[in-house]
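[1] sequence first, predicted model second:
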Amino acid sequence: MKLLGLEFFKCRRRKVVLVCATVLGTELAWFGAYLTRQDASDLVQGWMLLFYNLAMIDAIILPISVATLASRNCELEHKGATLKLLETMAPPGRLYLAKLSWGALVLAVLLTVRSVLFLAMGVAAEFDGAVPLGRSVMSTLLSWAVSMMIYALQQGLSLRFANQAAALVCGIFGSFIGIMSMLFPPALVRCVPWGYYGLMALARMEWDPDTRFTQFFWQWPQPLDLVLLALWAALFFIVGRTLFVRKEV
């Protein structure tokens, strides 16, 4: 707990709140602009439309956002003899876990607030039917799990390379491939870590080329995809932690 508290203390001037506010503002503005272009018939499936677009927005925005948060948290460790000083008070494995826990808490708060705001937007838009609170909680948990998998990758890169451009370029690439992967077949998406935002989406879409009608429907993630998500996360955690523990300071 002391190490986790130290992580929050170190990040108090790293503008993390501003980064999170920017993420929220961008996602809300994106979906708000999308809603203004829909007519009454499009909004009949409003809640499914919201969850589908939420997954798409996450695939575009969260990879670079997660990379930025990881970079803000790890950048200080490369300045001066910070790592050497820290490793005199705790083993590197515990330091790595404390940083990962910091990311988990920040992302949990960010995604929870994001989900509440999106539900409020749906209520304000008067979507048909009851507010899907259960699906919202599940969607938030799945988005958090995917984000933590990506965060494990980004933290490993941010701690490995002093130049944070390497980690941020990876995040930018992830944002690009994340949205592109929503057009890939599921078998290929499973090989792309950033594609799990779309793969874990609770709302799916079918488009009929003959009638030009878009149909949304609910679908729970496949057990195989949940297992693969856990394996990706474990791989990034183990590799990142191993490289950090063996890093010369």
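    Happy to help now that I have it. Residues are numbered from 1 along each chain as shown.
[2] the helices in this protein, which residues?
    Secondary structure of the chain (DSSP state H): helices located at 2-10, 16-36, 46-74, 82-86, 92-124, 133-160, 165-180, 186-189, 196-199, 223-245.
[3] out of those, flag the one nearest Q215.
    Comparison of those against Q215 by C-beta to C-beta identifies helix 46-74 as nearest, at 9.2 Å. Heads up, the C-betas are built off the backbone N, CA and C, glycines and all.
[4] pLDDT weak spots in the protein?
    40-42, 80-81, 87-88, 207-214, 248-249 (pLDDT under 70).
[5] residues contacting the spatially most central residue of the chain?
    Among the residues of the chain, the one closest to the centroid is S147, at 3.1 Å (C-alpha atoms, centre = their mean). Residues near S147 by C-beta atoms under 8 Å, 6 or more residues apart in numbering: 62, 66, 107, 111.
[6] if we use 6 Å, what do you get?
    Shown in contact with S147 (C-beta atoms under 6 Å, 6 or more residues apart in numbering): 62, 66, 107.
[7] next, count neighbours for the nearest residue to it once chain neighbours are set aside.
    Nearest residue to S147 in three dimensions, chain neighbours excluded: L107, at 5.0 Å (C-beta to C-beta, 6 or more residues apart in numbering). Residues lying near L107 (other C-beta atoms under 10 Å) number 22.
[8] L3 too?
    16.
[9] tell me which residues touch the residue nearest to it when sequence neighbours are not counted, please.
    In space, and not counting its chain neighbours, L3 is closest to A98: 3.7 Å by C-beta to C-beta, 6+ apart. Going by C-beta under 6 Å, 6+ apart, A98 touches 3-4, 7.
[10] mind putting those residues in TSV, distance to G129 included?
    Below are the contacts of A98 laid out as TSV (distance: C-beta to C-beta, whole Å):
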residue	distance to G129
L3	46
L4	41
E7	42
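[11] return the distance of the residue nearest to S147 relative to W232.
    Separation of L107 from W232 (C-beta to C-beta, to the nearest Å): 16 Å.
[12] please apply the same query to L224.
    From L224 to W232 the distance is 13 Å (C-beta to C-beta).
[13] so those two - more neighbours on which side?
    The residue with more neighbours, out of L224 and W232, is W232; 20 against 10, by other C-beta under 10 Å.
[14] I figured that one was touching M148, is that so?
    No. If you go by C-beta atoms under 6 Å, W232 and M148 don't touch, sitting 10.4 Å apart.
[15] and for L4, the neighbour number?
    16.
[16] quick check, it in contact with S101.
    Yes. Contact status for L4 versus S101: in contact at 5.3 Å, counting by C-beta under 6 Å.
[17] how near is the residue nearest to S147 to A201?
    Look at L107 and A201: by C-beta to C-beta, they are 18 Å apart.
[18] please apply the same query to M56.
    Distance from M56 to A201, by C-beta to C-beta: 8 Å.
[19] of these two, which one has the most company?
    A201 (23 against 20).
[20] list the contacts of C170.
    C170 sits next to L157 when contact means C-beta under 6 Å, 6+ apart.
[21] cutoff 10 Å now
    Applying C-beta atoms under 10 Å, 6 or more residues apart in numbering to C170 gives the contacts 63-64, 67, 70, 150, 153-154, 157-158, 161, 194.
[22] one more: M148?
    Residues counted as contacts of M148 (C-beta under 10 Å, 6+ apart) are 66, 100, 103-104, 107-108, 155, 229, 233, 236-237.
[23] again, 8 Å this time
    By C-beta under 8 Å, 6+ apart, the contact set of M148 is 103-104, 107, 233.
[24] burial count for A166?
    13.
[25] that one against L157, yeah?
    Yes. A166 is in contact with L157 according to C-beta atoms under 8 Å; the separation is 5.9 Å.
[26] next one: the nearest residue to G174 once chain neighbours are set aside from G93, what distance?
    Spatial nearest neighbour of G174, excluding adjacent residues (C-beta to C-beta, 6+ apart): P63 at 3.3 Å. Distance, P63 to G93, using C-beta to C-beta: 26 Å.
[27] sweet, I'm off.
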